[in-house]
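Undergrad: the sequence and its predicted three-dimensional model are supplied below.
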Amino acid sequence: MEKRGASKYHRLSIFVLLLVSMFCLSTEISFAEEETATVTTDFVLIDKLSTEEQGTIIKGNPNTEIAHDEETFRLVYKAISEDSTDQTEGISDTGESTSNSSSEQISSESSTTENSMIQSTSTEGRQEKAIIPTESSSLQSGDTKIKQFPKTGENGTSKGVIGIGIVLLVISGGLLVWKRKDAKKILMLAVIIGGTGFSAVAQAASLELPAAKTETMVKGSTFKPETSVNGYEYIGYIHRSEDKVDPPKPEEKEGKVIVHFVNESFEKLMDDIVLVGLVGTEYSASFENITDMTLKEIIGEMTGTFTEQDIEVTFVYRKVIGYVRLDFSDITQHTGRTFYVHTPDGKFIQVIVESFLLYDVGYPLPSNGIIELRGDVGAPVAVPDGLDLSVQSYPLGIVYTDENGEKQTVPLEGSTADALNAGPEEYTQELQVQPYYMRVPN
């Protein structure tokens, strides 16, 4: 049982090692970076550039600190042809091109300059160009080594990761054939090792410049791209940079809403209120409570949006109307009843009351006994002639029709219209009622 369990564990270990090794060999490495600058690398042929653009070429490899929001590097090349007898061009510090004949001999003193030495040699009737970098060659920057760019379609992998994968494969292979000389297992191991380089050698057959690429880099980091491409001679680079500029904010203009408070004659009741806000934003005007006044109408829009032109809103008020009610209904309810009265000729007879009046002042009471008085709130109560609200008792009289069909007015002896209190002096917003009661003699 222990042997079988160990064998099971042995096979599981081999399987895990194989998975890890294949992952290491086939996985491309990427790193998360802070997105602070956009760096674009473009690859162009020198004969595709205008004369003006060629004059801006900088010799050497880019070794630039990223300091702007957008950085563009155009790496400039020319194609290498086996049958070419063209003269080789070099780029000076100012970006100007100089040409040297293939038959010219480069002196050893020129090796200390910043130009690359290009030597033409004849091999089997054909001229081949050899790029001989000097100690400060324009094809290298500092200690930067020339690296080969992959061709179109090539996938990049990390050599360290590939090495780890190969080591893990060797270990798993050793475990696989340990204590066994099985040829089939060895053959399978060979097949696996033979396929480990698959992700690293998938390259396009055509010799083309790599496609432009854009990446993000942290500001302050150094941009040092690989410049060597199979089949092309690196000339130099063109560098452009710029910072993102936020579009200017439109000028924020303010608008005004002027609120007026007037009476019906458009006389000012209180100071204006001025609302201020940005053009396009909303406003809301509201009326104010004014003593003894009530809102009659609104001229303009209470709500809306501020504009460059002033907006006016006018609240028109009118005086609040107050009411005073004099209530004689307790007396007039007896209309139609019979009372004993003394006639003008001295007779004491029974008559039917047709109406009542305040006899001393001669003010006839309405049939329903109600007298309505109205006026502006706060104003003194105005009463009809003959009435005095300060008087709390009025003698009563009646009107009847005598036997001759004539209207007769006589006092109702001993009867009065009495108020419990003196009447109101001025109008208020609340209805004021002054009741009068009929007092008759015992």
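TA: Yep, it's here.

Undergrad: residues making contact with stretch 319-329?
TA: Applying C-beta atoms under 8 Å, 6 or more residues apart in numbering, the set of residues contacting stretch 319-329 from outside is 263, 292-294, 356, 365-366, 368-379, 381, 387, 417, 423-424, 426-436. Where you see a C-beta, it was placed from the backbone N, CA and C, and this is true even at glycine.

Undergrad: cross the residues you listed against strands and list the overlap.
TA: If you go by DSSP state E, those have 293-294, 356, 370-376, 417, 432-436 in strands.

Undergrad: related to what we said a few turns ago, separate out the buried members of the contacts of stretch 319-329.
TA: The neighbour count (16 or more other C-beta atoms under 10 Å) marks 292-293, 356, 365, 369, 371, 373, 375, 377, 381, 387, 417, 423-424, 427, 432, 434, 436 as buried among the contacts of stretch 319-329.

Undergrad: what's the pLDDT at the nearest residue to residue 434 once chain neighbours are set aside?
TA: For residue 434, ignoring the flanking residues on the chain, the nearest one in space by C-beta to C-beta, 6 or more residues apart in numbering is residue 423 at 4.5 Å. For residue 423, the pLDDT comes out at 91.

Undergrad: okay, and the helix or strand of the chain with the least pLDDT?
TA: strand 117-123 (a mean of 32; mean pLDDT, DSSP states H and E).

Undergrad: got the domain boundaries for the protein?
TA: 11-242, 254-319, 322-439 (automatic domain parsing).

Undergrad: run through the bridge partners of residue 241.
TA: residue 71 (DSSP bridges).

Undergrad: and it, how far is that from residue 42?
TA: 14 Å (C-beta to C-beta, to the nearest Å).

Undergrad: next one: phi and psi at the closest residue to residue 437 other than its chain neighbours?
TA: Computed as C-beta to C-beta, 6+ apart, the closest residue to residue 437 that is not its neighbour in sequence is residue 330, at 4.9 Å. The phi and psi values for residue 330, taken as degrees, to the nearest 10, are phi -70, psi -20.

Undergrad: show me the shaky parts of this protein.
TA: Along the chain, the parts satisfying pLDDT under 70 run over 1-35, 82-206, 442.

Undergrad: circling back to that earlier point, ok, the residue nearest to residue 437 touching residue 368?
TA: No. Residue 330 sits out of contact with residue 368 when judged by C-beta atoms under 8 Å, with a separation of 11.7 Å.

Undergrad: report the contact partners of residue 68.
TA: Under the criterion of C-beta under 8 Å, 6+ apart, the contact partners of residue 68 comprise 37, 219, 241-243.

Undergrad: tell me which element it falls in.
TA: Assessed by DSSP states H and E, residue 68 sits outside every helix and strand.

Undergrad: before we move on, what about the one 5 residues further on?
TA: Secondary structure assigned from DSSP H and E places residue 73 in strand 70-79.

Undergrad: pretty sure residue 262 contacts residue 272?
TA: No. With contact defined as C-beta under 8 Å, residue 262 does not count as touching residue 272 (10.0 Å).

Undergrad: so for these two, which residue has more residues nearby?
TA: Between residue 262 and residue 272, counted using other C-beta atoms under 10 Å, residue 262 has the larger neighbour count: 17 against 13.
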